[in-house]
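Visitor: here is my input, please return the structure:
(4 chains)
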There are 2 protein chains.
Amino acid sequence: MPSKPTGITMDAVYTAPGYLFRRMQQIAVAIFMEECKAFDLTPVQYAALIAIRTHPGIDATRLSAVIAFDRSTLGSVIERLEAKQLIERKPASSDKRVKLLHLTKSGTALLREIMSSVDRAQARMLQPLKAADRKVLLALLMQLVDLNNEASRVPLRAEDALEHLGKSI
Amino acid sequence: MPSKPTGITMDAVYTAPGYLFRRMQQIAVAIFMEECKAFDLTPVQYAALIAIRTHPGIDATRLSAVIAFDRSTLGSVIERLEAKQLIERKPASSDKRVKLLHLTKSGTALLREIMSSVDRAQARMLQPLKAADRKVLLALLMQLVDLNNEASRVPLRAEDALEHLGKSI
DNA sequence: GAATTATTGACAGCATACTTACAAAGTGGA
DNA sequence: TCCACTTTGTAAGTATGCTGTCAATAATTC
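Guide: Numbering: from 1, shown residues only, chains lettered A, B, ... in the order given. Purely as a prediction, here's the structure:
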């Protein structure tokens, strides 16, 4: 078979890690939304709720560090969660700039109810692989995300966030 | 060590495949943009240009199938590429609805110049892993994306798109 | 203690993503 | 031929993700 001249195939795209990460992220979101459509909650909103449950009284800036989401974007995410009455925002007494985040009863209940759907969604994403391959992929992925943490625009700063929490509030 | 009660840790987020895919996608975009910032081109725009170079005269709907990007979103992507004069849109003579896409001279030149930066970006994404692990991760990822193709909102339809191209235009 | 610097939340603006809806144009069958 | 269905591009609406900027407030430094 004669080799094709440069620029005739899509290989430069289909085999690029960046392209595959994008596709897989889109697939992951689609599966999450499908499994959780009864709850009207996005993956980002879910992560934010879990973080607020884990760190009650956290503020928006620290929340963005704990889940490695962009601080600007998180503003509107919080707005939507507040509009759905899943969280509350209360001004801090010690620092007039910050607003502290707490789950409402309804938010706590929602997290409890959505759990099994989320678990099902996460399982479905890796389902097509053999069990052994799933473990390998997940391990490599965790390793890669961790090692690339600083390359991200919003590096994960889970520990920092926790420290500041107890100290100043 | 006593086990913590449910809801105190972030494990439900940090170890979830969906969360890791999101983080990795964001890291991949950040690296791409950093390496290619001299060219003012996003990863999506790059993929679209490659596809148009591979299939000159393709229309927007088929383009969306070839790179598995949403058809609605692609409209604005094409608009921006046209505004930057990297592509041209010409009405088809056979079907008044479709607009055919071609690279301009400037688009062809840009693709040639950006190539090494893109390669560098793609390499950087997996750089932190050992060489053997990179191969394993990439292979599993390609497999998983392929097997999950139908779960995506916009499944990849590379072959279908090619067939229609020669026939009707 | 006053000036500089840093932090916080808010906002504007751009670029993906996806949903639904729609009009124009094409296609097939009764 | 006429009608129903499909296809194509487009647009509106929602949600992320990032870049900036800004004002208010804190923290630091001299």
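Visitor: who in chain A is up against DNA strand C?
Guide: A:22, A:26, A:29-30, A:59-62, A:71-72, A:75, A:78, A:95, A:97-99, A:164 (C-beta under 7 Å from any atom of the strand). Bear in mind the C-beta positions are built from the backbone N, C-alpha and C, glycine included.
Visitor: what's the longest helix in chain A?
Guide: For chain A, the longest helix by residue count, based on DSSP state H, is helix A:105-126.
Visitor: report the buried residues of that one.
Guide: Across helix A:105-126, burial judged by 16 or more other C-beta atoms under 10 Å in any protein chain shown covers A:107-108, A:110-111, A:114, A:117-118, A:121-122, A:124-126.
Visitor: ok, back up a step: show only the entries of the residues of chain A next to DNA strand C found in strands.
Guide: A:59, A:99 (DSSP state E).
Visitor: please go through the residues of chain A next to DNA strand C and note which also touch chain B.
Guide: Subset of these in contact with chain B: A:22, A:26, A:29-30, counting by C-beta under 8 Å from any C-beta of the partner chain.
Visitor: isn't A:Val118 up against A:Leu49?
Guide: No - counting by C-beta atoms under 8 Å, A:Val118 does not reach A:Leu49; the two are 10.6 Å apart.
Visitor: one step back: counting contacts, what elements does the longest helix of chain A pack onto?
Guide: Counting contacts by 3 or more C-beta pairs under 8 Å, 6 or more residues apart in numbering or on different chains; DSSP states H and E, helix A:105-126 is packed against helix A:17-35, helix A:43-54, helix A:131-147, helix B:17-35.
Visitor: apply 7 Å and report the result again.
Guide: Packing partners of helix A:105-126 (3 or more C-beta pairs under 7 Å, 6 or more residues apart in numbering or on different chains; DSSP states H and E): helix A:17-35, helix A:43-54, helix B:17-35.
Visitor: between those, which one is nearest to B:Ala139?
Guide: Smallest distance to B:Ala139 across the helices and strands packed on helix A:105-126 (C-beta to C-beta): 10.5 Å, for helix A:17-35.
Visitor: what angle separates the closest one from helix A:43-54?
Guide: 70 degrees (axes from the mean of the first three to the mean of the last three C-alpha atoms, to 10 degrees).
Visitor: measure how far helix A:17-35 is from the centre of its chain, please.
Guide: Using C-alpha atoms, centre = their mean, to the nearest Å, the distance from the centre of helix A:17-35 to the centre of the chain it belongs to is 12 Å.
Visitor: now that helix - C-alpha only, CSV.
Guide: The C-alpha trace of helix A:17-35 is given here as CSV (Å, rounded to 0.1, in the frame of the first residue of the first chain):
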residue,chain,number,x,y,z
PRO,A,17,-3.9,12.6,24.2
GLY,A,18,-5.5,16.0,24.4
TYR,A,19,-8.2,15.0,21.9
LEU,A,20,-8.8,11.8,23.8
PHE,A,21,-9.1,13.6,27.2
ARG,A,22,-11.6,16.0,25.7
ARG,A,23,-13.7,13.2,24.2
MET,A,24,-13.6,11.2,27.4
GLN,A,25,-14.6,14.2,29.5
GLN,A,26,-17.6,14.8,27.3
ILE,A,27,-18.6,11.1,27.5
ALA,A,28,-18.2,11.3,31.3
VAL,A,29,-20.5,14.3,31.5
ALA,A,30,-23.1,12.7,29.2
ILE,A,31,-23.1,9.5,31.4
PHE,A,32,-23.3,11.5,34.6
MET,A,33,-26.2,13.7,33.3
GLU,A,34,-28.1,10.6,32.1
GLU,A,35,-27.8,8.7,35.3
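Visitor: show me which of the residues of chain A next to DNA strand C are buried.
Guide: A:22, A:26, A:29-30, A:59-60, A:62, A:78, A:98, A:164.
Visitor: need these in JSON lines with pLDDT, can you?
Guide: Output for those, formatted as JSON lines (pLDDT from 0 to 100):
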{"residue": "A:Arg22", "pLDDT": "97"}
{"residue": "A:Gln26", "pLDDT": "97"}
{"residue": "A:Val29", "pLDDT": "97"}
{"residue": "A:Ala30", "pLDDT": "97"}
{"residue": "A:Asp59", "pLDDT": "95"}
{"residue": "A:Ala60", "pLDDT": "95"}
{"residue": "A:Arg62", "pLDDT": "94"}
{"residue": "A:Ile78", "pLDDT": "97"}
{"residue": "A:Val98", "pLDDT": "94"}
{"residue": "A:His164", "pLDDT": "50"}
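Visitor: pull out the buried positions in stretch A:145-162.
Guide: Neighbour-count burial for stretch A:145-162, counted by 16+ other C-beta under 10 Å, picks out A:145, A:148-149, A:151-152, A:154, A:156-158, A:161-162.
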